[in-house]
Every structure is written in structure tokens, then in C-alpha cells.
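>>> next come a sequence and a model predicted from it.
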Amino acid sequence: MSVKILENLILNKIKLLDYLNIDEVPGKTSIKLDPCPICGHNDCFTYYADKDEYYCISEDHNRGGNILQYCSELYKDNINLALYNIVNENIPILSGDNPLLLLKLIKESKISVSKKRNLLTKVIHSDLIKNGKFFKSKNNQYFYKLQAGILYEIEEKSTINTDFDSFLMKSYELNKAESIYSYLMNYIITHIKLNAEEVDVRRFVYYNKNENILYLQCGLDHYYEITTDTVKKYLNGTAGIIFEPKSAPREFNYLEEVRNTSLEHWKELFINNINFSNDTSGFLNPNDSRLLLELYIRYIPFAYSMSTKPLLAFIGDKGSGKTLTLKILFSIINGQNNFHVVGMNSRLEKDWNTLITKNYFFVLDNCDAQQKTEWLADNLAAISTGQRIQTRELYTTNNLASFDVNCLVCLTAMEPAFKRIDVNQRLLIFKGDPILNSQRISEDKILKKILDKRNVLMSELINNIQQSLVRLKKNAELAPNVNIRSADFSDFIFRIINEEERKYFPILMGNIEKSQSYLSIEDNLIIFEIERLLEKGQIVCNQKISTTELYSIISSNLMGKFEFQSQYTLSKFSKSLHKMISEINKCASFHIQWLGQGTGNKTYITIARKTPNNLNLKKEN
């Protein structure tokens with residue numbers, strides 16, 4: 001039955017005239033063709049236009065019929081081979097707007113298995129090209145569906161069902177378990193590698209510095225184009241701006257009636273409700289914390305155009321809302337009330353490269369000191385300086401794949417494991433106090449209340465982006481006199497804030513640096529012991545002392561302290577002290593001057609008390 005339907009489909013859609021490659025003559029019902037395509041003789045083959053049939057009067061032939069009989073004769077009366085060749089040469093015509101019918105008829109035909117597989121692959125590929133385009137980037141392949149504006153990543157040899165697999169199933173009823181699947185995927189991948197256009201596929205946001213235009217992804221299939229004057233919504237792929245769908249934020253509506261640029265609703269619903277710590281002995285005070293978080297939110301849309309990025313760190317005791325704060329922040333931007341954070345676990349080191357290359361936000365929860373995290377400190381330092389990951393390409397021996405890391409990384413901890421100075425100098429540190437039980441609200445209620453206002457919040461953010469675009473252009477040559485180590489961040493902030501805010505900028509940057517230094521030396525045994533020695537008069541202020549002598553005094557005082565004995569030999573002690581000098585001089589109650597080598601090839605320093613306007617480190621009793 002299906003074979004008959006396939007034959008009728010061919011008869012209805014393909015004319016023998018076109019197949020013979022001859023021109024129709026108006027008013028003429030018969031056309032001679034020499035030599036005969038079948039027998040090879042002259043003056044015997046006639047095409048009859050009124051019936052779309054042929055006849056050959058040659059004595060050793062003397063046969064005729066429609067296109068099916070014609071092709072069957074060409075292939076020595078093999079109707080299945082004839083069907084294969086007719087379909088193979090006319091797939092776009094036969095497929096039309098209903099490729100599913102043609103696929104079904106091919107599957108149920110008696111064409112050989114290998115030829116059937118070839119036809120099914122070509123029908124699907126032809127329809128994909130008709131309705132979309134294939135693209136490639138440095139490391140990935142994609143199919144872009146026209147009209148819908150949706151981009152599907154095509155993953156080679158994936159063992160799980162991908163979005164593209166689901167699309168194939170929905171469009172062509174092709175199951176991943178079918179034998180044709182791998183044949184089709186190899187065919188598509190080969191086509192992409194040989195023929196597809198290479199493009200830059202964006203994630204979440206793209207800032208074109210040259211044009212001073214920012215593009216913000218809005219759902220799977222749209223984006224907002226934001227200029228200094230306009231906000232316009234376009235279908236994904238318009239004007240060559242393509243966003244990948246995998247981690248697309250949920251769609252939102254820009255509300256033109258929301259005109260303020262100062263993130264007032266962000267402050268009211270989110271920033272002002274964070275329980276920032278009043279214990280400012282070494283960290284930012286609540287006002288500075290709120291200001292810095294607001295500046296970070298304004299920075300987020302532009303962050304991905306910068307090679308270096310600061311790391312966000314929320315620290316505080318249990319119940320201070322560290323994780324919830326970051327969940328809220330990225331739920332607003334992402335639009336999902338189930339934004340997932342990643343906790344410290346045994347697989348984290350192995351999964352690290354995937355996590356930071358496949359996400360544009362990444363929250364690492366509970367980075368506490370009792371865990372082995374030296375590998376983490378190395379990777380955090382690398383991320384903040386614009387790392388590029390290089391690794392062996394999967395299923396190959398000597399092919400190299402490289403991936404850009406363009407991810408905002410945030411950390412939470414009670415007792416931070418990230419104590420390394422080079423990491424801390426790239427942190428924006430926020431400290432929270434525990435929330436009182438009487439003030440606790442369920443996480444679901446908080447998120448619902450905020451996400452109900454997401455259109456307003458995102459509209460405010462877009463307005464602020466517009467304001468930033470204006471100021472970036474106006475202040476292109478402006479540069480701060482004071483920068484923190486994450487200079488891309490501080491330089492950007494200096495250019496987008498107003499003149500009044502710039503007056504406070506050096507103070508804020510100084511306070512950020514102090515909080516970074518404080519975190520690096522907080523609870524450090526050497527600092528505590530020097531404090532104690534100064535109080536007891538065992539060290540004379542401003543008197544030269546060698547690091548060898550200082551180590552000997554501290555070591556004898558801490559004879560039973562395993563923590564000190566296991567961490568510090570004489571050489572390590574001197575190096576550690578030298579590394580901490582900048583942090584000590586910013587935050588401790590004493591000042592160290594490094595004099596360098598002197599008598600006996602020893603290293604000498606002086607230690608002096610500071611005046612009381614500094615941080616009071618906790619002391620051990």
C-alpha cells in the first residue's frame with residue numbers, strides 16, 4: 001500500500017518531461033527525442049505531453065509508459081532501484097511541506113536498507129536546510145531554525161538526549177535508538193565542518209565596544225538591542241547576532257513606562273533587605289556593601305566583554321543568607337526560581353572546567369577551610385585573570401580543543417578556604433550577620449515576590465545599561481587615580497558613575513582593598529604572635545630584628561602549636577612574612593619595614609606600632 005502511495009506521489013509531483021530534460025513546445029502534444037535514452041536508437045522515442053508518457057517503437061524495445069515505467073526500464077526493470085533514484089534526485093520536490101509523509105513512505109518501501117538509510121538522511125538534511133541554517137563556532141556545531149529564531153547545539157556522540165535530539169524527534173519522528181540516527185549525525189557533522197559558516201555564538205549578553213551597543217538575550221528566541229537612544233526587541237539571529245539557547249534566561253518584557261535608571265526597585269526588593277554585617281573591624285560597612293553590590297549589578301551586563309573579572313565572595317555565619325542572596329541575584333537575571341548553586345564535593349575538581357565554561361554565572365557554596373582547596377585557589381586566580389582552557393579533544397589522540405572562560409564566579413563560606421593573597425586581591429567581599437528567627441521568610445515566598453516584579457527589575461536594568469552606554473562614550477578617556485587589582489572592574493565603574501559618586505570612589509576602592517587584606521591575614525598565627533610580643537615588650541618598636549631571631553622567638557612561644565610547626569620552617573616563615581607585608585601594613589595594628597639582607601647574610605626588618613585608626617584583629621588568649 002505504501003509503495004503505491006509513493007508511486008502516486010512521484011506521478012503527481014514529478015513530470016517525465018522534466019526528467020527527460022527536454023523543453024516543452026506550446027501546442028505540441030508529441031516530441032521526438034534522439035537517440036532513445038533506453039535502447040539507443042534514433043527515430044523511435046516519442047514523448048506525449050498530454051499524458052506525460054513515452055513510447056519507443058524500436059523492434060527490440062517497443063514499450064512505453066509513465067515516469068515509473070521509464071525509470072524501471074532504465075534500471076533493467078528494477079522498480080525499487082527506479083524508486084530510489086527518482087526520490088534521490090527529487091527530494092525537495094517530493095518532500096515539499098510534508099517531509100514526514102515521504103519519510104514514512106521510504107521506511108515502508110522495499111528499497112534496500114543501505115539505500116533507504118541514505119534517502120532518509122537526505123530527506124531530513126534537505127528539510128533542515130530548507131527551514132534553517134547550520135553554523136559552527138570554534139568548538140561547537142549548531143542548527144539555527146529560521147522563523148523561530150532558536151539555535152540548537154549539535155553535540156557529537158552525546159550519550160543523553162539533547163535539545164537537538166528532541167527537535168529531530170518532534171519534526172521527523174526520528175528516535176535516537178534508530179540505526180539511521182548515527183548515520184544522519186555523521187552526515188550533518190561532515191556537512192557542517194566542510195560547508196557551514198563560522199560565527200560567534202553569544203551567551204546571555206554581548207557588548208559591542210566599537211558600536212557601543214549592548215545585546216541582552218531574552219528567552220530562547222529573542223534579544224534586546226540597547227543603544228544610547230533606543231531599546232528594540234529582535235528575533236534571535238537577526239543581523240548576525242546569535243545567542244545559544246542552552247542557558248538562555250527566561251523571557252521578560254521591557255516596560256517603557258519604567259523610566260528610572262537608579263535601580264530603585266532593585267534596592268527596595270533586594271539590596272536593602274540583605275543583612276550586611278555591622279561588625280566592620282575588617283570588612284565593608286553596610287552602606288559600602290550596599291553600594292558595591294549595586295555597582296556590581298550595573299557591571300554584570302558589561303562584564304563578559306572584559307578579560308579580567310573580580311570574584312564575588314559572601315561570608316558569614318550560618319543563617320546569614322549568603323547563598324540565598326546569590327540565588328536571588330541570579331534568579332532575577334535568569335528568571336528562574338530554581339537557580340542551582342554547586343556545593344564543594346569530591347567530583348568538583350574533575351568537573352571544574354565544564355562548570356566554568358558552560359555557565360555564565362557560577363555559585364560555589366560552602367568553600368570552607370576544612371577542605372583541601374589548593375587546586376581551587378589556583379583555578380580561582382586563573383579565572384579572574386582571563387583564563388583559556390586547553391584540553392585534548394574527546395575521542396582523539398592528539399587534537400587540542402580550547403575553551404574561553406567567560407563566567408562570573410561567586411563564592412560563599414563561613415570560614416573561608418580562599419585565604420591566598422593573590423586570590424583575595426581579586427575578591428569583592430561581603431559579610432553578612434545571621435538573620436533573626438523572627439525576621440525569617442521562606443525562600444519560596446521571597447523569590448516569588450521578587451520574580452513577580454522581574455519585568456520591572458529588568459526594565460530598570462536596561463535603563464541603567466542605556467545610561468552606562470551614554471557615560472562610557474562621554475567618559476571614554478577618563479581613568480581613575482586609584483585602582484584595585486581587578487582594574488577592568490574599577491576602571492569601568494569609574495566611567496559609569498556620576499561626578500558626585502566619583503568623589504567617594506577612592507575611599508570605596510581603599511575600603512575594598514582593606515577588606516581583601518584583612519581576609520588574607522585574619523586569624524593568622526604570625527600576626528597574633530607579633531601582637532603579643534609587642535604587648536609584652538619582647539620586640540622593641542623600630543629596632544632592627546632578623547627574621548631568624550623573630551622566628552626563633554615565635555617558635556619557642558608556640559612550641560606546642562602543631563598548626564605553626566607544621567606550616568612554617570625558617571625559610572617558609574621569612575617568605576610568608578614578606579608576602580604578607582602589604583596586607584599587614586594595611587590592616588594590622590603594627591607596621592613592618594623590610595630592610596633586606598644584612599650582617600651574617602640574614603634578612604632584617606623593623607616592627608612598629610601604628611596609631612589606633614586601624615583594624616583590630618582578634619587575639620588568641
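On my side now, so go ahead.

>>> show me the contacts for His323.
Small correction: residue 323 is Thr, not His. Phe314, Val341, Val363, Asp365, Thr412 (Cβ atoms under 8 Å, 6 or more residues apart in numbering). The way it works is simple: take the backbone N, C-alpha and C, and place the C-beta from them, glycine included.

>>> restricted to buried residues, select those residues in ChimeraX.
The following ChimeraX command selects only the buried members of the contacts of Thr323, with burial defined by 16 or more other Cβ atoms under 10 Å:
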select :314,341,363,365,412
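
>>> in the stretch 201-350 of the chain, what spans have low per-residue confidence?
Scanning the stretch 201-350 of the chain with the threshold set as pLDDT under 70 gives 337-338.

>>> for Lys170, the count of nearby residues, please.
Lys170 has 9 neighbours, counted by other Cβ atoms under 10 Å.

>>> so where does it fall, helix or strand?
Element membership for Lys170, per DSSP states H and E: helix 163-172.

>>> and the helix or strand that that helix is followed by, which residues are buried?
Moving toward the C-terminus from helix 163-172, the next helix or strand (DSSP H and E) is helix 179-195. When burial is assessed from 16+ other Cβ under 10 Å, helix 179-195 yields the following buried residues: Ile180, Leu184, Met185, Tyr187, Ile188, Ile189, Ile192.

>>> next up, the contacts around the third one.
Yep, that's Met185 we're talking about. With contacts defined as Cβ under 8 Å, 6+ apart, the neighbours of Met185 are Ile154, Glu156.

>>> what's next to stretch 114-126, contact-wise?
Stretch 114-126 has contacts (Cβ under 8 Å, 6+ apart) with 84, 87-88, 91-92, 95, 99, 102-103, 106-107, 109, 111, 168, 172, 174, 179-180, 183-184, 187-188, 191.

>>> would you mark the buried spots in that stretch?
When burial is assessed from 16+ other Cβ under 10 Å, stretch 114-126 yields the following buried residues: Lys115, Lys116, Arg117, Asn118, Leu119, Leu120, Thr121, Lys122, Val123, Ile124, His125, Ser126.

>>> wait, is the last one part of a helix?
This means Ser126. Yes: the assignment for Ser126, made by DSSP: H, G, I helix; E, B strand; the rest coil, places it in a helix.

>>> so how far is Ser281 from it?
Distance check for Ser126 against Ser281: by Cβ to Cβ, to the nearest Å, it reads 70 Å.

>>> ok, now the fourth one?
Computed with Cβ to Cβ, the distance linking Asn118 and Ser281 is 74 Å.

>>> beyond the longest helix anywhere in the chain, next helix or strand please.
As assigned by DSSP state H, the longest helix anywhere in the chain is helix 499-521. Of the helices and strands lying after helix 499-521 in sequence (DSSP H and E), the nearest is helix 525-536.

>>> enumerate the positions of that following helix that are buried.
Neighbour counts using 16+ other Cβ under 10 Å place Ile526, Ile527, Phe528, Glu529, Ile530, Glu531, Arg532, Leu533, Leu534 of helix 525-536 among the buried residues.

>>> check stretch 493-508 too.
Taking 16+ other Cβ under 10 Å as the neighbour-count basis, stretch 493-508 is seen to contain the buried residues Ile493, Phe494, Arg495, Ile496, Ile497, Phe505, Leu508.
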